[in-house]
Structures are given as structure tokens and as C-alpha cells.
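Participant: Sequence isn't available, so here's the structure alone:
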């Protein structure tokens, strides 16, 4: 039987009706939408309820975000007050998201941000990379000194040439960007892999207590959404005390955070 789903779809849905003789009713199912199963006293009622279920499913899909987009928030965190500094963005394809990948992480592209307007200019290309390759965009919020990067690029190129690694020369600049920073007060990343607000707030509260205890001007700078939780971007704190309170947490002292994920 064909059922034209006027409320939830413009395409024809193939529905199979199963007669339940014991309860004198009908069950409607579809191979196209195996998650939808409806019941009714009559064939018409079973089909009608199938349509209602499909409508709920479609509304639920519309309400779900299709990406984690942190462009606006992260752009507000960037600091270009010091001359000759920049930020480094990488588009990374991960085996966790792409089971057929032959290695854990594959670099798709690199982008370099020299001023805030670069984020606007490059956003469409970055998002396109993420969608096309089912990849993620990451940005390190610790600034890079362009002179230091240039000098270390030259050193890397010389090392590659001396070792006969000629094909690696093209990667020298990105490698230098991933290995150096010029921040005196580094931005740490606390990776919280849950959306449990109580747990997240407990961590935020304790980090602030550590700052007060140390009489430090350091602070939590931002809360960046990730796919499964949040990244807290913050200045340094007493790592030993934090790990005693929250064992097993991941805290990195010079690591990227999520700029964009296509869900």
C-alpha cells in the first residue's frame, strides 16, 4: 500500500499493514523508515498514526543542530594587539569519525589567521572542508610569532634536506606552527567529555577556587562547545590539586580547541 505523507514528507512512503487477528487491529511499518511503527483499530487509523509519528520524527530532526559552530565566540577571543603574531587552524579528518581511514588522524588543510577579518573571509572554505571530508576544524588559541615560525621553518627544511626527506619539505611551515607559540601566559584547554551541567559547574567552581587560593589574576576565559561536552579555555592553575579532585580529566597546556564540526 502506498501512503502519500502530506504532513511529513513529499515523497511516497511504502507502508506494510499487518493484521493482528487476536486484538483485531493493524500495525503499520515501512522499510524506508524502520524506526516508525504505528498501531490502529482500522487500516486507516494505523496509517494515520504512522503519519503522526513521522511528523514528530521530522520535527525532531529540524530541532537538532547540524553543526558545532564556534566561529563567533572564538573570533572574540583572538588578540592581534602584538605585531607579527597569528593563529593556526587545522582541518583534521579522524578515524573515530571515518572508520575506513588508514591512520588515526589525517590533515586535510591548514589555515593561518593574521587578523580578525581572516576568520570571516575563510569561514566558507573551512566549513566546506569539514563537510566534504567529514572533518573537524581546530584552532590553537595560543598565538604564534611569525618570525619564530619562519626561523623554525628554515631549520626544519635544512633537517629534512640533510636526512634526504625531500617530500617533507612542503610540511615544514605547518609543522613549525604546530610546535611553537609565543604566549607568556598560555591558554590551557580542559576537555570535559559530558554535557552534565552539574559536573561542568563543579569543575568551573573548583578552578576558580584554585585561582583565589593562589591569589592569581588568572581566569577561565571561555567555555567552548564540543560534540559531546565542552572545552574550558583558561589560564594555568595548580594541576596537582586539580587532578586530585578530578582524576582522569584531560588538561592540555598548548592544544587546539574546536572551531567547527559538521554533525
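Facilitator: Yep, it's here. Fair warning: this is a prediction, and the values are worked out from it, not measured in the lab.
Participant: quick check: domain ranges of this structure?
Facilitator: 2-63, 68-262 (automatic domain parsing).
Participant: quick one: low-confidence parts of the stretch 151-263 of the chain?
Facilitator: In the predicted model of the stretch 151-263 of the chain, no residue satisfies pLDDT under 70.
Participant: One more pass at 80, please.
Facilitator: Counting by pLDDT under 80, the stretch 151-263 of the chain shows low-confidence ranges at 180-182.
Participant: returning to what we had before: please identify the most buried of the domains of the chain.
Facilitator: Across these, averaging neighbours per residue (mean count of other C-beta atoms under 10 Å) puts domain 68-262 on top, at a mean of 16. In this view, the C-beta of every residue, glycine as well, is placed from N, C-alpha and C.
Participant: mind listing the strands for the chain?
Facilitator: 2-4, 12-14, 16-20, 25-29, 38-40, 67-69, 85-94, 105-113, 136-145, 188-192, 220-225, 230-234, 250-252, 257-262 (DSSP state E).
Participant: Which of the ones you listed sits closest to residue 173?
Facilitator: strand 105-113 (8.1 Å; C-beta to C-beta).
Participant: for that closest one, packing partners?
Facilitator: Counting contacts by 3 or more C-beta pairs under 8 Å, 6 or more residues apart in numbering; DSSP states H and E, strand 105-113 is packed against strand 85-94, helix 116-133, helix 172-179.
Participant: so how far is the second one from its chain's centroid?
Facilitator: Its chain's C-alpha centre lies 14 Å from the corresponding centre of helix 116-133 when counted by C-alpha atoms, centre = their mean, to the nearest Å.
Participant: okay, the angle between that helix and strand 105-113?
Facilitator: With axes from the mean of the first three to the mean of the last three C-alpha atoms, to 10 degrees as the basis, helix 116-133 and strand 105-113 are set at 160 degrees to each other.
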